[in-house]
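>>> for reference, the sequence and a predicted model appear below.
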Amino acid sequence: MRLMLVAGSSHGHFTQLLARYLGTEPLQATRNKYANGETRFELLESVSGGDVYLVQTSADPVNDSLMELLLMAQTCRYASAQRITAVMPCFPYARQDKMKGWQQPISAKLVANLLQAAGVHQVLTMHLHAPQLQGFFDIPCENLSSQLLLVAWIQQYVPDWRQAVIVAPDNGAVKLATSISEQLSIPLALLHKQRNFSNEIEHMLLVGDVAHKVSIVVDDMVDTGNTLCFAAQHLLEAGATKIYGCVTHGVFTGQSLEKLLQAPYELFACTNSLPLPERVQRERRIHIIDVTSIFARHIQKKNSPNFMIKMQRAPTSELFDVDDLESSKNAQGEKSVQTRPHGTRRVSSK
């Protein structure tokens, strides 16, 4: 099947980098709004019989991005695409994955149902807030990991990382933190949050020893920044000498950037799974890790006519490693970290 990319309006730069890795160009399409605010989408090229990848992330405004993706999927289904994959670097409504009361919805499940109803055959995303979200789908939902590149960033930018401690700022980050600490063969610490009746962080309990050591805080995302800032302050009070932070998704709502810059982080890293504000891109203490190579490699494998044969014969590590792809040039001057063969790293910045 011919590989085809269709770009949504949420993250054009991500789609450009992905297209460059894949050696193709996004199909021409019309994206705008009608006078009454309804979303309009129209393909200007044929997708008949194609292996179509719709690229749309959970960017603000989230509801508009989601609605546009649903229209993109239905358009491709009506246009006789053979396979439709939704490439969603950051999955929308991922934190609304359970009922906290009988009067609340499970919004992530509804999003999964809508994608299937629109005609999506499979979903390709990264670092779901809760891995059990994959069970919401009756179609394949592949949850890629940014861990390889986060580890590469730690090894390149954290001095004396071999004597550092990986810190999970809450219970939800324990699995990622444990995996990274095992890969680096360094200790793990955990911060347990205690909230008041207003759902505000009231106290943090540290489990583990960070005194006189470098602390590396890892999480799936930064949104308001409250958890990461509380964590950094608590680690400083517990005797940490230096503090670094890295996350997959940089949501950066409200005053989160200002909070992080005031917090005692030496450096902070996030990926380009979401479009980042210019003020984040300009900040020298924040590094942006390019993860498009991970998506590109996965798409290449899925699109290959010999993929199923290789999958039966080769271990997973051989199928989904990150190849030595050419370093991308970021027009906004973003710093990108890529993993190369034999464990060496490369960082490129314009």
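Happy to help now that I have it. Everything numeric in this text was worked out from a predicted model, so none of it was measured. Residues are numbered from 1 along each chain as shown.

>>> count the residues that sit near residue 211.
Residue 211 is flanked by 10 other residues according to other Cβ atoms under 10 Å. (Each C-beta comes from the backbone N, C-alpha and C, glycine too.)

>>> tell me which residues touch it, please.
Listed by Cβ atoms under 8 Å, 6 or more residues apart in numbering, the contact set of residue 211 reads 238-240.

>>> same deal with residue 73?
Each residue near residue 73 by Cβ under 8 Å, 6+ apart is listed here: 54, 84, 86, 115, 118-120.

>>> looks to me like it is in a helix.
Yes. Per DSSP: H, G, I helix; E, B strand; the rest coil, residue 73 lies within a helix segment.

>>> how far away is it from residue 117?
From residue 73 across to residue 117, the span is 9 Å (Cβ to Cβ, to the nearest Å).

>>> mark which of the contacts of residue 73 are buried, thanks.
54, 84, 86, 115, 118-120 (16 or more other Cβ atoms under 10 Å).

>>> list the ones among those residues that fall in helices.
With DSSP state H as the criterion, helices contain 115, 118 from among these.

>>> now, among the buried ones among the contacts of residue 73, which is nearest to residue 180?
residue 86 (27.6 Å; Cβ to Cβ).

>>> so in terms of bridging, what pairs with the closest one?
Beta-bridge partners for residue 86, by DSSP bridges, are residue 54, residue 123.

>>> select only the buried ones of the contacts of residue 211 in ChimeraX?
Burial among the contacts of residue 211 is assessed by 16+ other Cβ under 10 Å; the matching ChimeraX selection reads:
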select :238,240
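
>>> which of the contacts of residue 211 fall within helices?
Per DSSP H, the contacts of residue 211 never map to helices.

>>> returning to what we had before: can I get the contacts of residue 73 in JSON lines including distance to residue 252 and pLDDT?
Listed next are the contacts of residue 73 as JSON lines, based on distance: Cβ to Cβ, whole Å; pLDDT from 0 to 100:
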{"residue": "54", "distance to residue 252": "25", "pLDDT": "98"}
{"residue": "84", "distance to residue 252": "30", "pLDDT": "98"}
{"residue": "86", "distance to residue 252": "24", "pLDDT": "98"}
{"residue": "115", "distance to residue 252": "26", "pLDDT": "98"}
{"residue": "118", "distance to residue 252": "29", "pLDDT": "98"}
{"residue": "119", "distance to residue 252": "32", "pLDDT": "97"}
{"residue": "120", "distance to residue 252": "28", "pLDDT": "98"}
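
>>> quick check, nearest of these to residue 157?
So of the contacts of residue 73, ranked by how close each gets to residue 157 (Cβ to Cβ), first place is residue 86, at 32.7 Å.

>>> thought that closest one was touching residue 120?
Yes. Between residue 86 and residue 120 there is a contact at 4.7 Å, judged by Cβ atoms under 8 Å.
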